[in-house]
Structures are given as C-alpha cells and as structure tokens.
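okay, predicted coordinates and the sequence, questions at the end:
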Amino acid sequence: MSRPIVPPTTLHSAAGRTATWTRRGVVGLAGGAMATLIAPIARAQEAEPALDPRLSADTVTFQVRRNIFKGMLVRPRVGPKRPGILLIPDQRGPNPFWRALARRFAMDGFVVLLPDLLAPFNLPESSDEGVGLMARIIPAEHQLALDAAADLLAKHPECNGSIAAVGFVWGGPYVAQFAISGARVKAAVVYHATLPAPDKVAATKVPMLFHWAENDPRTAPQIEAIERKMIGAARVFETWIYPGLAGPFASDPTSRNYDERAADRAYDRTVFFLRRHLGAGG
C-alpha cells in the first residue's frame, strides 16, 4: 500500500483489517499488492480503436415500461463464465471514453455492461440536451432502468451471476442504492460522487470501495462522516483519497480535473477489489 504523505490516524474495520487514512494521503485497507498498471485510456476521446480480437462486443436491449434502452456488452471472447460489471457513467451517458473503459475491464476478465439510459430519446452522444434531460427524469425512473440492466447482465450466459456496480459522479448514488439493497450486486465501487446521507450509505449490504478527490468541495465534507458510520455499522469497505485533486479525476479526460496517474491507480485498485469480492477475473 502506498505510504501516506503525513502521519496517519488508524481505524479498524469490522473484518479486523486496519484502515490507514489521512486528509493529505492516499487511503485504503491493507490487503495485498496492487494489480499491474495498465496502459492509460485518457486519450480515448480522440479516436475509438477497433475492438481487440480477444474481446466480443454486442449491443443489447432491455425494456422498462414502454422505453427500450440499449447497452454495450463486452467480454473476453473465450474462457469460462466470468463475473460482471455494470458500468454506470456520468450524466453524459456512453461515449468513446466510457466504451474504452468498458473494454479495459473486459480485458481484465469481466463481462461488462455499459447501459445507455438516453437511448429511448435518440439524442446526439454527450449532448447538452441529453445532460439536461437526465437531470429532469426522476431518480426512481433511472433506478428502474439500471435494475433491468443489472438483471440482464447477471443472466447473460457468459456471466457467472456474480456482479458489481461501478459508478462515476452522477452514477455514484445509483451504485449506493444497489449496495444498500443488496439484491442484485455483490460489491460496489463509487468514484467521486455526492452520496445519500452517511447513515443510509452505512446500511450497505455488500462491500464498498470509495475513490475521493481530496479537495473536491462537493464530496470532501462527507468523507469522514461516511467512514465513521461505516465503521460503526461494522461494514466492509475501502476508502482511497487522492491528494491535491479538486474534482472528478477519472471520468472525463477533457476536463482540467482529470489526472491520468490517479485514474490509473484508481482503476488498478478497483480491479483488485472486484477480483477479491467477485472472484477471479483475468
């Protein structure tokens, strides 16, 4: 585990592992070596490459009421049944960056579903109109669509039924809802998202992994409260704080907040966490 920048305070999780955290350090639970660094995808917006021949990808559909949603489902071309990842992007919806990230997870041995909740509206990709529309739709409707996507993923013949939800910014609260319900996922990963009240987050029924930017004014105030509630409720979780960063650092390579090195570290930690709690990918 990386050394903290300043002397840490030590907390203890319910599982008996030691959590080291500091406001200016990288935070996490002790638990083994990190996965090997993988080539960055920060430039995925510039050109969308052909699919790696080791992968298979399909467009899938799922229905909620009268709305037909689409998603990209990508997985290794050969091998046994594998654990799944429901990859929930930010409110812009799927674009080349998110598709590259889905392929990257698939190369690490997961069956990945990237849902497109804007598909019924036939809007241009990453449009301002789409972002505004996502904000106007009530969260319960989004959750119904994501529930349907999770069910499709878990029942896919190449998935072993053990799935996790991974969400960024806008997608983070929906990941928290999956974790609190515990009905569909076995693990949950949240990247720099404003979450429900800490006592609600601490009701999670599955292990959770949090990635935070240290100086993000939207999320920094909730970090310590969530940690206290999670520890008090004897939940299994990991928290990593990325020092010096002031906003979403792993979800938009065109943003000034994007940090390639931190994004790669967060990705490796996510894969390590998911392999531990879902079973081996790769």
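The structure has been received and is ready for your questions. Numbers count the residues shown, from 1 in each chain.

am I right that residue 113 falls within a strand?
Yes - according to DSSP: H, G, I helix; E, B strand; the rest coil, the state of residue 113 is that of a strand.

residues near the residue nearest to it when sequence neighbours are not counted, how many?
With CB to CB, 6 or more residues apart in numbering as the criterion, residue 113 has its nearest non-adjacent residue at 4.3 Å, and that residue is residue 153. C-beta: built from backbone N, CA, C; applies to glycine. Other residues near residue 153 come to 26 when the count uses other CB atoms under 10 Å.

wait, isn't residue 153 in contact with residue 159?
Yes - applying CB atoms under 8 Å, one finds residue 153 in contact with residue 159, separated by 5.9 Å.

can you give me the helices in the protein?
Taking DSSP state H, the helices of the chain run over residues 96-107, 128-136, 139-155, 172-181, 198-201, 220-232, 260-278.

distance check, residue 195 against residue 172.
When CB to CB, to the nearest Å is the yardstick, residue 195 and residue 172 sit 6 Å from each other.

next: residue 136.
Between residue 136 and residue 172 the distance, using CB to CB, works out to 19 Å.

and those two? which has more neighbours close in?
Legend: neighbour count by other CB under 10 Å for residue 136 and residue 172, higher for residue 172 (27 against 6).

now for residue 153 and residue 159: what residues contact both?
By the contact definition CB atoms under 8 Å, 6 or more residues apart in numbering, residue 153 and residue 159 are jointly contacted by 84, 111.

which residue packs closest to residue 242, ignoring adjacent ones?
Closest residue in space to residue 242, ignoring its immediate chain neighbours: residue 262 at 4.6 Å, by CB to CB, 6+ apart.

need the contact list for that neighbour.
For residue 262, the set of contacting residues under the criterion of CB under 8 Å, 6+ apart consists of 242, 245, 249-250.

give me the pLDDT for it.
According to the model's per-residue confidence, residue 262 sits at a pLDDT of 97.

relative to residue 155, how far out is it?
Look at residue 262 and residue 155: by CB to CB, they are 35 Å apart.

residue 117 now?
Separation of residue 117 from residue 155 (CB to CB) stands at 20 Å.

neighbour count for those two, which is higher?
residue 117 (27 against 10).

tell me the contacts of residue 207?
Residues in contact with residue 207, defined by CB under 8 Å, 6+ apart, are 186-188, 235-238, 273, 277.

nearest to residue 71, of the helices of the chain?
Using CB to CB as the criterion, the shortest distance between residue 71 and the helices of the chain is 6.0 Å, found for helix 139-155.

so what touches the closest one?
Everything outside helix 139-155 that qualifies as a contact, by CB under 8 Å, 6+ apart, is 60, 62-65, 67, 69, 71, 73, 84, 86, 88, 111, 113, 115, 117, 134, 159, 161, 163, 165, 173-174, 177-178, 184-185.

surely residue 251 and residue 192 touch.
Yes - under the criterion of CB under 8 Å, residue 251 makes contact with residue 192 at 7.4 Å.

what do those two both touch?
With contacts taken as CB under 8 Å, 6+ apart, residue 251 and residue 192 have 168-169 as neighbours in common.

centroid-nearest residue for the chain?
By CA atoms, centre = their mean, the chain has its centre lying nearest to residue 166, at 2.3 Å.

OK, contacts around the residue nearest to that residue when sequence neighbours are not counted?
Nearest in space to residue 166, with sequence neighbours left out and distances taken as CB to CB, 6+ apart, is residue 189 at 4.3 Å. Under the criterion of CB under 8 Å, 6+ apart, the contact partners of residue 189 comprise 164-167, 175, 208-209, 211, 270, 273-274.

any chance of those in CSV, with pLDDT too?
Supplementary listing: the contacts of residue 189 in CSV, determined by pLDDT from 0 to 100:
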residue, pLDDT
164, 98
165, 98
166, 98
167, 98
175, 98
208, 98
209, 98
211, 98
270, 98
273, 98
274, 98
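
which one of those sits closest to residue 48?
Checking the contacts of residue 189 against residue 48 by CB to CB gives residue 166 as the nearest, at 20.5 Å.

state the distance from the closest one to residue 138.
Where residue 138 is concerned, residue 166 sits at a distance of 23 Å (CB to CB).

try residue 180
Separation of residue 180 from residue 138 (CB to CB) stands at 18 Å.

so which of the two has more stuff around it?
Ranked by neighbour count (other CB under 10 Å), residue 180 and residue 138 place residue 180 first, with 18 against 8.
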